[in-house]
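Asks: Here's my sequence, what's the structure:
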Amino acid sequence: MLREYITSLNRMLLWMVFYWPSILLTQLGHWFLLIFIQPVSWIFKLFFSPEIVAEIVEATNACGWFRLADAQVSKYYGDKYGAWPETSTEEMYKLFGTMFYMSLVTMPEIEDYCKICPPFHGSWARAMVRSRRRLLSLMKFLQVSTEEPQPGDRLHKVRPLLEHMKRTCKSIYQPSQCLSVDERMVKNKGRTVLKQYMPNKPTRWGIKLWAICDVKTAFLLDFNVYSGQAVPGQQEVGLTRAVVEQLTEPFRNAGHVVFTDNFYTSEALATSLTVHGTHLVGTIRTNRVGFPVGLKNTKEFEKKSQRGDARYFRRGQTVYVQWMDRRAVTLLSTYHKASDTVQITRHTKEAGVHVEIQLNQPKVINDYNHGMGGVDSFDQRVAAYCVNRRTKKWWKAIFYDLLEIAAVNSYLLCKDYRSQHPGSISTLATYSHKDFRAGLICRLGGITPDAPVPIYRRQPPQRNPGPVAAAAAAAAADLHLPEVTVHRRNCVLCYQLLRKQMKVSHHCTKCGAFLHVTGKNCFRDYHLHL
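Replies: Down below sits the predicted model:
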């Protein structure tokens, strides 16, 4: 109990540390936030902090030097001497901005973003990276960690960044009452033991992640990558129960309601969460251990029941609800009462006419329909502007997904802050995900509002003069030649010989003396006697 109290206290302190700028800025004015803190990039850097980016820079530089030392790697990726030009934290943030730009503006190939021929020139990627060669070099030699692999750890290449992202997601956001647990898929078909096949998902092949999201905002609170290895506690309680207990452990004894689908829901899981002050609501399969025998005859119930009929079973704090819609739907809940119902409208066909009918639906089913989509809503935002690129390396697919997690969570935090402080981040009537991505690209890439469009303009060729022309130009530069000026001065020779002030407008290009050129031979006589 003491350990759980300390965990809750730590989460509360971290939440206060994150939200203290909003309390302070309410008093000082939102202009301070707009000018100095720059919330779009500042919130994103909570996830990809300068310290963690410095580790990525160090690993990338080490990989660049090591790979370019290999004779089989093309020297195209180095400088003109074949060495690796080391990257920096600032350039790495610009690379992230370029990746987000690629998700917003799609082109067939990555090289197209830096081309200078029509119709590709004008891409803002050229304003963030130096050249196409540099962009390809950074993408090729990108590394996340330099730590030595631990025995049995299949995720060692992204382990430091993975743990940092998990800690940040759990610490900076205070979730609402309702949470949802579901799977996520990161698209990848590379050769790896992490690859899974899920035919019912939009992404059928990829790396599976267990995720828990806030239902109200779809903020991703925590996640675990399924590596095919045993989850802690799996041997004792089974995989699905161990997954849910591990994800909900930081949110215990806070009165949360967790929504799950029939892959996870069981009476044993419901009892375990109830002990730790957490409720469970979810659909359940009839072949689960402890499922009531009186509710297993689902097909018979569908034949004899009419639309809107329901039956219940209660065991302790756990209630089973089976309701007839077009088919029988069975749910388990430790939060609802069996007698709570809501009025819903259904469309049906009677005597060849489409009509609306009113039905009594158990409240547990209505709440489940509204509460189970947290992870799916998060995936929809990720799919709208996806950073993930086709790669054979499994860890790069996870790295791209971590960038997406940081971007989407940052957008949700900005949106939440903007709802509490209107006009603080953007003066637009609606602040969409696309608007946030555009602002984030400009902040990370160093693009100012008045920056010129990076259009390539071909310069006229500078021809190298031949040796004869060069010698003639050098000889002409050494000659005394007359030149007309806008000024009028006394003729130097006339003044020396005749002591007369006679104004002329011609002067010598080499010695600068003003002399008569027309009417008198002062220019010739002066230079013959030098």
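Asks: For Ala83, see how far away Asn409 is.
Replies: According to Cβ to Cβ, to the nearest Å, Asn409 stands 38 Å off from Ala83. C-beta: built from backbone N, CA, C; applies to glycine.
Asks: I meant to write Val258 there.
Replies: 54 Å.
Asks: Who has more neighbours out of those two?
Replies: The neighbour comparison of Val258 against Ala83 (other Cβ atoms under 10 Å) goes to Val258, with 27 against 13.
Asks: Check what pLDDT Lys349 gets.
Replies: We have a pLDDT of 81 for Lys349.
Asks: I'd like to check which residues are in contact with it.
Replies: Neighbouring residues of Lys349 by Cβ atoms under 8 Å, 6 or more residues apart in numbering: Val355.
Asks: residues contacting the closest residue to Thr192 other than its chain neighbours?
Replies: Nearest residue to Thr192, sequence neighbours excluded (Cβ to Cβ, 6 or more residues apart in numbering): Trp394, at 4.1 Å. Counting by Cβ under 8 Å, 6+ apart, Trp394 makes contact with Asn188, Gly190, Thr192, Leu194, Lys195, Ile207.
Asks: okay if I get those residues as CSV plus neighbour count?
Replies: Shown next, in CSV, are the contacts of Trp394 (neighbours: other Cβ atoms under 10 Å):
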residue, neighbour count
Asn188, 25
Gly190, 17
Thr192, 16
Leu194, 20
Lys195, 16
Ile207, 24
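Asks: Can you flag which of those belong to strands?
Replies: Under the assignment DSSP state E, the contacts of Trp394 contribute Lys195, Ile207 to strands.
Asks: for the contacts of Trp394, which one is nearest Thr448?
Replies: Asn188 (36.5 Å; Cβ to Cβ).
Asks: tell me the SS of the closest residue to the closest one other than its chain neighbours?
Replies: Excluding the flanking residues, the one nearest Asn188 by Cβ to Cβ, 6+ apart is Ala397, at 3.9 Å. State at Ala397, reduced to three classes by DSSP: H, G, I helix; E, B strand; the rest coil: helix.
Asks: what's the burial count for Ala397?
Replies: Ala397 is flanked by 25 other residues according to other Cβ under 10 Å.
Asks: Which pLDDT does the model give it?
Replies: 93.
Asks: ok, it - contacts?
Replies: Here Ala397 is in contact with Val186, Lys187, Asn188, Gly190, Gly206, Ile207, Asn388, Thr391 (Cβ under 8 Å, 6+ apart).
Asks: what about the closest residue in space to Gly446 that isn't next to it in sequence, which helix or strand?
Replies: Counting by Cβ to Cβ, 6+ apart, the nearest residue to Gly446 once its immediate chain neighbours are dropped is Lys94, at 6.5 Å. Here Lys94 sits within helix 89-104, counting by DSSP states H and E.
Asks: which outside residues touch that helix?
Replies: By Cβ under 8 Å, 6+ apart, helix 89-104 touches 48, 50, 53-54, 56-57, 60, 87, 110, 113, 124-125, 128-129, 135, 138-139, 142, 385-387, 389, 400, 403, 407, 434, 437-438, 440-446.
Asks: center of the chain, which residue is that?
Replies: Ranked by distance to the mean C-alpha position of the chain (Cα atoms, centre = their mean), the top residue is Ala407 at 3.3 Å.
Asks: can I assume that residue is in contact with Phe44?
Replies: Yes: under the criterion of Cβ atoms under 8 Å, Ala407 makes contact with Phe44 at 6.9 Å.
Asks: any residues in contact with both of the two?
Replies: Taking Cβ under 8 Å, 6+ apart as the contact rule, Ala407 and Phe44 both touch Leu440.
Asks: where does the protein have low pLDDT?
Replies: Along the chain, the parts satisfying pLDDT under 70 run over 1-39, 71, 233, 423-429, 456-477, 530.
Asks: For it, just list every one of the strands.
Replies: Assigned by DSSP E, the strands in the chain fall at 178-187, 195-197, 205-214, 220-225, 257-260, 279-283, 310-315, 318-324, 328-333, 341-350, 353-362, 482-490, 503-508.
Asks: most packed of these?
Replies: Comparing these by mean neighbour count (mean count of other Cβ atoms under 10 Å), strand 257-260 comes out on top with a mean of 26.
Asks: And the nearest residue to Lys75 once chain neighbours are set aside, how close does it get to Trp65?
Replies: Excluding its sequence neighbours, the residue lying closest to Lys75 (Cβ to Cβ, 6+ apart) is Gly82, at 4.3 Å. To Trp65, Gly82 is 11 Å away according to Cβ to Cβ.
Asks: And stretch 283-297, what's buried?
Replies: For stretch 283-297, the neighbour count (16 or more other Cβ atoms under 10 Å) marks Thr283, Ile284, Phe291, Pro292, Leu295 as buried.
Asks: hang on, the second one packs against Phe291?
Replies: In this case it means Ile284. Yes: here Ile284 lies in contact with Phe291, judged by Cβ under 8 Å, at a distance of 6.9 Å.
Asks: about what we covered before: output the strands of the chain in a markdown table; the columns should cover distance to Glu245.
Replies: Listed next are those as a markdown table, based on distance: least, Cβ to Cβ, whole Å:
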| stretch | distance to Glu245 |
| --- | --- |
| strand 178-187 | 10 |
| strand 195-197 | 21 |
| strand 205-214 | 11 |
| strand 220-225 | 12 |
| strand 257-260 | 10 |
| strand 279-283 | 11 |
| strand 310-315 | 20 |
| strand 318-324 | 17 |
| strand 328-333 | 16 |
| strand 341-350 | 31 |
| strand 353-362 | 27 |
| strand 482-490 | 91 |
| strand 503-508 | 95 |
